[in-house]
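**Q** quick check, what structure comes out for this input:
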Amino acid sequence: MSSIVVSELEYAPPGADQLFFDVSFGVAPGEHAALVGANGVGKSTILRILSGVIDADGGEFTVNGSMLTMTQDVGMSRPTDTLREMLIEVAPPQLRVAGRALVAAERALADGSDDGMGYATALSDWGDLGGYELETKWQAAAQRSVKSSIDDFSRRLVSELSGGERKRLVLDLLLTSGADVLLLDEPDNYLDIPTRGWLEEQIMASKSTILMVSHDRALLERVATKIVVIEGSGCWTHGGSYASFPEARSKRQELMGDELKRWNDEERRLFHHMKIMKQRAAQNFKNATKANAAETRWEKFVALGPPPPPVADQQIHVRLRGADAARRVVKMENLSVGSLFFPFSDEVYHGERVGLIGPNGTGKSHLLAVLNGAAPDEGTIAFGPRTSVGVFTQINDRPDFTGRQCIDIVRDRLIDDEKSMRALARYGLVNNARQEFQTLSGGQKARLEILCLELEGHNVLLLDEPTDNLDIESSEALERALDGFEGTVIAVSHDRTFLAKFDRFLMIGDDGDVYGLPDYEIAMKGLAEPSALAGLRLAKKLS
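**A** Numbering: from 1, shown residues only. Have a look, this model is predicted:
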């Protein structure tokens, strides 16, 4: 039977404080459980321990049945790899070893360090273990997941596919693999909204036992049958969907507070009674036995210790103030980028929240880059007076931050050390002040980048997938900050909860058409049925 059992797991990164020390939970056969918690509490680390990548410092775990794993950065960390190398890494263990050996043997044959015997052996092992059958599955998954045809997985580079195509290809393989257990780390990242809908349907239909990390609130509400919460250096389990989780956590916090108060009240009562009996014993030795009994009762109660207090909520305070600007912030006229979309015209006004949506690969991030100063292939962009543009990058790719500590990055913008530490504390990064940017988790990098946008004081924000790596509390803090932001926001996002608060949308379709959509409901319908949006087309097709 496929299941996961974890008991008193503990782990501390090399040279760092303990990340967690009392993680115990179970995932029953066929359950689809989600690990949730703040950025940096160890959710991905737990998946890495369960998959055997790293060793725990203590505790035990059992994964029953065959297991396949998808890491958070699958297909992203090594863009010069071939698709075959990427897919080998999500193959069953024996095929993974044989696939790596085959790739190494091919390279040795090419550089002359192998006379062909090693390659012949590696090729034979690959075939004997089912490698050719696996390649057939790759081809079928690629036909479902990738827009362009793939003739040779050993030559096609990972970088030739969009991030969403890479992720969908891997997910398609895993979810149709028949594996007993699937460990999925942020499976929704880089997926467009239609593909997230596909992922939800696939997970709900899957008979595999699934443990996943995700920050997509809409996805969690639909697919998670159990929530495993990592907080307070341990964990607890909510045996229902994410839709009821916030209320369950609130009640749990309240109960923990009540239990601690009752314990404190009882401890004070027993202590006070002991003191009274001691005073009476001092006045009359006949009360000595009662006084000793009262003292023993108090000592035993204290020795058992109080119940755990409520876990302190993560306090993220984003203060995006912005500033006034001209009424028309930006005018786009007959704008196009390469062959990605047809020329279109639009104007964005001060205070608007405009979402850029559409399938992966249609040019949304390219449009954001043009708004940030890259040259368009056709048309013009004109920003109004008194505009200051700040940018959030999708993959937190900041060469100017690499090799620098968080405190130094923030000090550049605040000068003062004390103010810089207070700013980092507002974003839950004070403990990372002396940590270099490239060593932060994805969510911590995202929070630091948003903090820098705040401190720079822009009144136009160009945000490329700002919530992708943020934990749920940080996403909600960003949403609250944008509600009070005096400025304009243009954002590429596939986070439906985040997009629901935007004013209007520009949708780029697979066919290159650009549509102006007036609200969230029409936008979501347009993604599902683009053919119904003909009357809202902004793009002018070239003759």
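**Q** could the C-alpha coordinates of stretch 255-272 be exported in CSV?
**A** Below are the C-alpha coordinates for stretch 255-272, written out as CSV (Å, rounded to 0.1, in the frame of the first residue of the first chain):
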residue,chain,number,x,y,z
LEU,A,255,-7.6,26.9,21.9
MET,A,256,-3.8,26.8,22.5
GLY,A,257,-4.0,30.3,24.1
ASP,A,258,-6.9,29.1,26.3
GLU,A,259,-5.1,26.0,27.4
LEU,A,260,-2.0,28.0,28.3
LYS,A,261,-4.1,30.5,30.2
ARG,A,262,-5.8,27.6,32.2
TRP,A,263,-2.4,26.1,32.9
ASN,A,264,-1.0,29.4,34.2
ASP,A,265,-4.1,30.0,36.3
GLU,A,266,-3.9,26.5,37.8
GLU,A,267,-0.1,26.9,38.5
ARG,A,268,-0.8,30.2,40.3
ARG,A,269,-3.6,28.6,42.3
LEU,A,270,-1.4,25.6,43.4
PHE,A,271,1.5,27.9,44.2
HIS,A,272,-0.7,30.2,46.3
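**Q** contacts for that stretch, please.
**A** 294, 297, 298, 301, 302, 306, 307, 308, 309, 310, 311 (Cβ atoms under 8 Å, 6 or more residues apart in numbering). Just so you know, the C-beta spots here come from the backbone N, C-alpha and C atoms, and that holds for glycine as well.
**Q** can you pull the phi/psi pair for the first one?
**A** Phi and psi for residue 294, reported as degrees, to the nearest 10, are phi -70, psi -40.
**Q** out of the contacts of stretch 255-272, grab the one that's most surrounded.
**A** Among the contacts of stretch 255-272, residue 294 has the most neighbours (other Cβ atoms under 10 Å), with 22 neighbours.
**Q** residues contacting that residue?
**A** 270, 273, 274, 277, 278.
**Q** contact partners for the fourth one?
**A** So that's residue 277. Contacts of residue 277 by Cβ under 8 Å, 6+ apart are 287, 290, 291, 294, 295.
**Q** how much space separates residue 356 from residue 469?
**A** Going from residue 356 to residue 469 by Cβ to Cβ, to the nearest Å gives 19 Å.
**Q** for residue 15, same thing?
**A** For residue 15 relative to residue 469 (Cβ to Cβ), the value is 24 Å.
**Q** more neighbours: the two, which one.
**A** More crowded of residue 15 and residue 469, by other Cβ under 10 Å: residue 469, with 24 against 5.
**Q** I'd like to know how many residues surround the closest residue to that one other than its chain neighbours.
**A** Distance criterion Cβ to Cβ, 6 or more residues apart in numbering; nearest residue to residue 469, sequence neighbours excluded, is residue 442 at 3.5 Å. Neighbour count of residue 442, defined by other Cβ under 10 Å: 19.
**Q** in the helix or strand bottoming out on mean pLDDT in the chain, what counts as buried?
**A** Among the helices and strands of the chain, helix 245-283 carries the lowest confidence by mean pLDDT, DSSP states H and E, at a mean of 83. For helix 245-283, a neighbour-count test (16 or more other Cβ atoms under 10 Å) marks 245, 248, 249, 256, 263, 270, 273, 274, 277, 278, 281 as buried.
**Q** quick one: the second one and residue 240, what's the gap?
**A** Okay, so that is residue 248. Taking Cβ to Cβ, one finds residue 248 at 7 Å from residue 240.
**Q** sorry, back to before: top of the contacts of residue 277 by neighbour count?
**A** For the contacts of residue 277, the largest number of neighbours (other Cβ under 10 Å) sits with residue 294, at 22 neighbours.
**Q** for residue 381, which non-adjacent residue is spatially closest?
**A** residue 332 (5.5 Å).
**Q** can you tell me what sits against the helix or strand where the one you found lies?
**A** For residue 332, the host element (DSSP states H and E) is strand 328-336. Contact partners of strand 328-336, identified using Cβ under 8 Å, 6+ apart, comprise 342-350, 352, 367, 370-371, 376-384, 387, 460, 488, 540.
**Q** okay, residue 369 and residue 337: tell me how far apart.
**A** Note on residue 369: its distance to residue 337, by Cβ to Cβ, is 8 Å.
**Q** where do the contact lists of those two overlap?
**A** Among the neighbours of residue 369, none is also in contact with residue 337 (Cβ under 8 Å, 6+ apart).
**Q** okay, the buried residues of helix 245-283 in TSV with distance to residue 407 next?
**A** Below are the buried residues of helix 245-283 laid out as TSV (distance: Cβ to Cβ, whole Å):
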residue	distance to residue 407
245	35
248	37
249	32
256	34
263	40
270	47
273	52
274	50
277	56
278	53
281	59
